[in-house]
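1. Give me coordinates for this.
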Amino acid sequence: VTSFKRWQRKTAKSGCRRAKCPNNEEYCVKPKCYPHAEIEELLHAKFHKNDKFHPEHKPSSSGLEYESQTDSDSCTSTPNTIYPRVANNKDKRPRFIVQNRAFSVNQSYTIVTCIEEESCTIFDTIGYPPPKNKCEQKYGHVKLKVFEPKTKEILQDDFYIPSCCVCKYNSKSVFPIKVR
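-> Now for the predicted structure:
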C-alpha cells in the first residue's frame, strides 16, 4: 500500500468540515483531514447532470513556466509545482482544493520563491555604480476549484501564490535610475 493510500484512508473522515494544514502552513498536500468521499460524490453528481463539467477539470496549472535564476545581476529563485489539497485563499481563509484522480481533477500551481533576500544589481543608463537593491518576493493570482463543506458545493476561489523573485530598486539611493 502506497503512502498516499495510507494517508487517504487516515484522512477520509466523514464530516471533515475544517480545512487545516499541519503547523498552520499556507498550503499543504497532506492536510489533517480531507473530504475525499464528499468531493467525489459531488463530482459524480455534476458529471451526470452536466456532461461539460468533467472536461473542464483537466489538469491545470498557473500556465507559467519558470527557471531557477542564478545570474549575478538577478535574484536566485526556486520553482516547485504542487497539487495542494488545502490552501489559504486571498482572504487568508483555508479552503479545501478539489483534487480527484478518478475524475482527472488535478489542480496544480508552480510556486517560485526567493532563496533569500539578497542584494541584486539593476544597471542604470548613465554609468553610475549600481545602487544597493534587494530581491523581493512577488505574488501571482490563480483561481482554483474548492469544496465548501457547509453548503456541499464546488466553487471557484482566488489565491495569491509566490510567483517570482524580482530585483527591487533601492529608492533611498543617491544614484538616479533612468527608466526609458
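2. what's downstream of the helix or strand bottoming out on mean pLDDT in the chain, the next helix or strand?
-> In the chain, no helix or strand scores lower on mean pLDDT, DSSP states H and E than helix 3-11, which sits at a mean of 55. Where DSSP states H and E defines the elements, the next helix or strand beyond helix 3-11 is strand 27-28.
3. Averaged pLDDT, that following strand. What do you get?
-> For strand 27-28, the mean per-residue pLDDT is 92.
4. In its sheet, which strands sit next to that strand, and in what direction?
-> strand 86-88 (antiparallel) (DSSP bridges).
5. what sits up against the strand it pairs with?
-> By C-beta atoms under 8 Å, 6 or more residues apart in numbering, the residues outside strand 86-88 that reach it are 19-21, 26-28, 31, 34, 94-97, 144, 159. For glycine as for every other residue, the C-beta is placed from the backbone atoms N, C-alpha and C.
6. Which of these are buried, as a PyMOL select command?
-> Buried residues within the contacts of strand 86-88, by 16 or more other C-beta atoms under 10 Å, are selected in PyMOL with:
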select buried, resi 19+21+26+27+28+31+34+94+95+96+97+144+159
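7. which stretches of this structure form helices?
-> Assignment of helices within the chain using DSSP state H yields the ranges 3-11, 36-49.
8. So which elements touch the last one?
-> Translated: helix 36-49. strand 133-148, strand 153-168 (3 or more C-beta pairs under 8 Å, 6 or more residues apart in numbering; DSSP states H and E).
9. Show me which residues of stretch 100-119 are buried.
-> Here stretch 100-119 shows 100, 103, 105, 107-114 as buried, counting by 16+ other C-beta under 10 Å.
10. that older thread, save the contacts of strand 86-88 as CSV, and put in distance to residue 84 too.
-> Output for the contacts of strand 86-88, formatted as CSV (distance: C-beta to C-beta, whole Å):
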residue, distance to residue 84
19, 10
20, 13
21, 9
26, 9
27, 4
28, 6
31, 9
34, 11
94, 11
95, 10
96, 10
97, 5
144, 8
159, 9
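11. No further questions, thank you.
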